[in-house]
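S.K.: Just a sequence and a predicted model for now, questions to come.
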Amino acid sequence: MRSLVLPLLLLLFPLVLFGEVVSLPINQEILALGAFKRSIFEDPLSVLSDWNSFDENPCGWSGVTCLKPQNRVVNLILSNSSLKGFLAPELGLLDFLQELVLSNNLFLGSIPKEIGLLKNLTVLDLSSNQFSGPVPAEIGDLTSVTKIDLHSNGLTGGIPLKLWNLANLVELRLDRNKLSGKILGTNTHGMTPSYDNRTGLCGLTSLKFADFSYNFFVGKIPPCLKYLPRVNFRGNCFQDKESIKPRSTEQCYSVKSQAANEPYEYSNVAPEHRRPHQPKWLLILEITTGVVMLIFVITCVVSAIKICKRKSSGIIPIRKQSSWKDEISISVDSELLKSVLRFSRQELEVACEDFSNIIWSSTYSKVYKGTMKNGSEIAVLSFSISENQWTTYFELQFQNEVADFARLNNENIAKLLGYCRESEPFSRMLVFEYASNGTLYEHLHYGEGCQFSWLRRMKIAIGIARGLKYLHTELQPAFTISELNSGSVYLTEDFSPKLVDFERWKTIVSKADRNGSVANGLPYHGFMDSIERRHMDVQGNTFAFGMLLLELISGRPSYCGDRGCSLDWAMEYLQKPEKMTQIIEPHLKNVKSDDLSVVCSTISLCIEPEASKRPSMEIITAMLEDGIETSPAALYKNSHLAWAELALTS
């Protein structure tokens, strides 16, 4: 059936789809490059900023080289561009592409099998990314390729046997992955590997360089490859006495490799001459079924063409409509969450009293307070998105968030204790330590004023600054709070501040919702294109800290309906020393003028309109620590009410 129906489809489909054999050189390539851009969700260097889908000629776009005079795309080179996203299958539409170089970026997920459609490709370089999953067997269809470089990724599985059909291959780099199985020298099914100079890998007469180091390969190094340096095989699990620096027995045992006497077959299809003879009645049934399917496809396509011709005069966009489960396959490295504690939904449900104790909520998430069996209090952030709306991108984003929060370790940052990820019922939750004294907002605007002395406010301000300094300057990459305000600062029993980021997920989902990717439960490639960088603007956090300082000393929210914006009100006093005291909340006592001057200067620097002129949190923290004395001794020396003040702040 395959031998009869597939060629017939290939012959008829172009004629039916386009009426006549219509050439779509530029349009097809714009579709492919547009899909590539939409699959990128982080472009910090703005490399793709000049990729305009309305431009009918992509030859001037960054990283794109065309062949004159046909203007066909022949090179796509975007190495060292800090791009983060997935590799769009639509790249297979670039029929004339000769070089695809995307090394040293942050590409995720699997390598699409559609790469095998690039028959003119000579260089494939996807090295130093975060690709996972198997090496697609379809790469063996790249008959013109001379260089394949996939090193430094997270690829798993074995080496596809079809790679040994690449007669023009000169350079092959598969090192520093998680590949396993054998480096076979034969393509014979069901027989012991043969390492002669005519078959399989040994038949690649053009191969001059290959590197298989730091994987989990087993068996022996084929004799025909002994011309390669021994270091190109190190860090594997070979049972070869000539191997150098092999992996430990424990590491090799943990990988499910093929047995030493069993050939590794990437394909489960036997060679054609070994296929069992089919009965005639089965062959007739297959042909009949194929013809019926072909007629059905032709009918559907003809109908679609008629509809499209009525609606537009020209270009038929090639767009695949599918559910999110059929979208780009995303594989997340299991090592990502290995060190993070995983809670069951049942134990969190018991701790949070059937999830009845809600302490915070937004459109897409809720926070519950709970108490574990050991008496420790927790805050459980639960994402309120149904399973049919949970896209593959959201799953990757969730796991990245868990790993991101898990790396935070500072006394002024709420600590992530673990996560919950279950299917029945569908659950995605983050578990944090609980700061039992409420939020800074609650104390400033609903608490008792006598509890919040000037000294206590200054200690809180310095604690928040230290937390932000840690997030911005001591972490690589930097971590920022998505919505920094007095509601995101929780206080412990001794009024130490703990920064939390319960709004982080709401920010992610709201961006998706505005692009139509959540409302209908389907993924939307434009969603990735519309997402800002995951780590929000550091300068934005600095501005928010200035507003928080103003709220801390004035007692006025950043925005109040009846009094307008607190910043507009405060600008009149910030730069005038003689009027600074009018910013202070009326009931505050023992305010030191030197402290007030330091705080007002810090606020002015933080709210600088030009973001690039705002100082780093390292500088701001030093200003507050050096300029404000928070020790009890200093307070006692300067105030006759020291004992009362000390009692309030102890």
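M.R.: Structure's in. What do you need?
S.K.: May I have the phi/psi pair for Val380?
M.R.: Main-chain torsions, Val380, degrees, to the nearest 10: phi -110, psi 120.
S.K.: Ok, Leu155 next?
M.R.: Geometry field for Leu155 lists phi and psi as phi -70, psi 140, criterion degrees, to the nearest 10.
S.K.: Tell me how many other residues crowd the residue nearest to it when sequence neighbours are not counted.
M.R.: Distance criterion Cβ to Cβ, 6 or more residues apart in numbering; nearest residue to Leu155, sequence neighbours excluded, is Asn177 at 4.2 Å. In short, each C-beta sits where N, CA and C put it, glycine included. Each residue near Asn177 was counted by other Cβ atoms under 10 Å, and the total is 23.
S.K.: May I see the buried residues of stretch 114-123?
M.R.: Using 16 or more other Cβ atoms under 10 Å as the test for burial, stretch 114-123 gives 114-118, 120-123.
S.K.: Helices of the stretch 251-400 of the chain, residue ranges please.
M.R.: With DSSP state H, counting those that start in this stretch as the criterion, the stretch 251-400 of the chain has helices at 280-311, 345-351, 392-406.
S.K.: Most tightly packed of these?
M.R.: helix 392-406 (a mean of 20; mean count of other Cβ atoms under 10 Å).
S.K.: For that helix, name the packing helices and strands.
M.R.: strand 416-422, strand 427-433, helix 504-514 (3 or more Cβ pairs under 8 Å, 6 or more residues apart in numbering; DSSP states H and E).
S.K.: Show me what the mean pLDDT comes to for it.
M.R.: Averaging pLDDT along helix 392-406 yields 85.
S.K.: Check the helices and strands packed on helix 392-406 for me: which has the lowest mean pLDDT.
M.R.: Of all the helices and strands packed on helix 392-406, mean pLDDT reaches its minimum on helix 504-514 (a mean of 64).
S.K.: what secondary structure does Gly463 sit in?
M.R.: Under DSSP: H, G, I helix; E, B strand; the rest coil, the three-state class of Gly463 is helix.
S.K.: What separation is there between the closest residue to it other than its chain neighbours and Ser62?
M.R.: With sequence-adjacent residues excluded and distances taken as Cβ to Cβ, 6+ apart, Gly463 is closest to Pro497, at 4.2 Å. For Pro497, the distance to Ser62 equals 44 Å [Cβ to Cβ, to the nearest Å].
S.K.: Between the two, which is the more surrounded one?
M.R.: Ranked by neighbour count (other Cβ under 10 Å), Pro497 and Ser62 place Pro497 first, with 25 against 14.
S.K.: give me the beta-bridge partners of that one?
M.R.: In this entry, Pro497 is beta-bridged to Leu491, by DSSP bridges.
S.K.: Restrict stretch 624-634 to CA atoms and write it as CSV.
M.R.: Coordinates of each C-alpha in stretch 624-634 appear next as CSV, following Å, rounded to 0.1, in the frame of the first residue of the first chain:
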residue,chain,number,x,y,z
LEU,A,624,20.5,52.5,53.4
GLU,A,625,22.8,50.4,55.5
ASP,A,626,25.5,53.1,55.8
GLY,A,627,23.1,56.0,56.2
ILE,A,628,20.5,54.6,58.6
GLU,A,629,21.4,53.4,62.1
THR,A,630,19.0,50.7,63.3
SER,A,631,20.8,49.4,66.4
PRO,A,632,19.0,49.8,69.7
ALA,A,633,22.0,51.7,71.2
ALA,A,634,21.7,54.5,68.7
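S.K.: chain center to that stretch, what's the gap?
M.R.: 42 Å (Cα atoms, centre = their mean, to the nearest Å).
S.K.: ditto for stretch 57-75
M.R.: Centroid displacement of stretch 57-75 relative to its chain, using Cα atoms, centre = their mean, is 29 Å.
S.K.: just stretch 127-146 next, same as before
M.R.: Taking the mean of its C-alpha atoms, stretch 127-146 sits 21 Å from the chain's own mean (Cα atoms, centre = their mean).
S.K.: low-scoring stretches of the stretch 251-400 of the chain, by residue?
M.R.: Applying pLDDT under 70 to the stretch 251-400 of the chain flags residues 254-283, 285, 304-336.
S.K.: could you measure Phe394 against Gly487, distance?
M.R.: Counting by Cβ to Cβ, the gap from Phe394 to Gly487 is 25 Å.
S.K.: Now Ser79: closest residue in space that isn't a chain neighbour?
M.R.: Spatial nearest neighbour of Ser79, excluding adjacent residues (Cβ to Cβ, 6+ apart): Ser103 at 4.4 Å.
S.K.: what's the answer for Ala465, then?
M.R.: In space, and not counting its chain neighbours, Ala465 is closest to Thr621: 4.2 Å by Cβ to Cβ, 6+ apart.
S.K.: The host helix or strand of the one you found - what's its average pLDDT?
M.R.: Element membership of Thr621 [criterion: DSSP states H and E] is helix 617-627. What helix 617-627 shows for mean pLDDT is 93.
S.K.: And stretch 218-229, by the same measure?
M.R.: Stretch 218-229 shows a mean pLDDT of 83.
S.K.: Quick check, Ser551 in contact with Gly487.
M.R.: Let me fix one detail, which is that residue 551 is Glu and not Ser. No. Glu551 lies out of contact with Gly487 (Cβ atoms under 8 Å); the separation is 10.6 Å.
S.K.: In terms of neighbours, single out the busier of those two.
M.R.: In this view Glu551 and Gly487 are compared by other Cβ under 10 Å, and Glu551 has more residues nearby, 21 against 16.
S.K.: is it true that that one lies in a strand?
M.R.: No. Applying three-state DSSP, one finds Glu551 to be helix, outside a strand.
S.K.: Just list the residues touching it, thanks.
M.R.: 444, 486, 557-558, 566 (Cβ atoms under 8 Å, 6 or more residues apart in numbering).
S.K.: run the last query once more with 10 Å
M.R.: Glu551 is in contact with 440-441, 444-445, 485-486, 557-558, 566, 570, 585, counting by Cβ atoms under 10 Å, 6 or more residues apart in numbering.
S.K.: what's the spacing between it and Thr299?
M.R.: On the measure of Cβ to Cβ, Glu551 and Thr299 end up 67 Å apart.
S.K.: what do you get for Glu286?
M.R.: 21 Å.
S.K.: before we move on, what about Ser82?
M.R.: 48 Å.
S.K.: With Arg457 instead?
M.R.: Distance, Arg457 to Thr299, by Cβ to Cβ: 75 Å.
S.K.: Please apply the same query to Ser453.
M.R.: The value you get for Ser453 to Thr299, if Cβ to Cβ is used, is 80 Å.
S.K.: repeat for Val135
M.R.: 39 Å.
S.K.: on contacts alone, who are the packing partners of the helix or strand harbouring Val598?
M.R.: Val598 belongs to helix 593-606 when assigned by DSSP H and E. Packing partners of helix 593-606 (3 or more Cβ pairs under 10 Å, 6 or more residues apart in numbering; DSSP states H and E): helix 454-473, helix 538-554, helix 566-574, helix 617-627.
S.K.: Now do that helix against helix 538-554, angle only.
M.R.: Relative orientation of helix 593-606 versus helix 538-554 (axes from the mean of the first three to the mean of the last three Cα atoms, to 10 degrees): 150 degrees.
S.K.: between helix 593-606 and helix 454-473, how big is the angle?
M.R.: 30 degrees.
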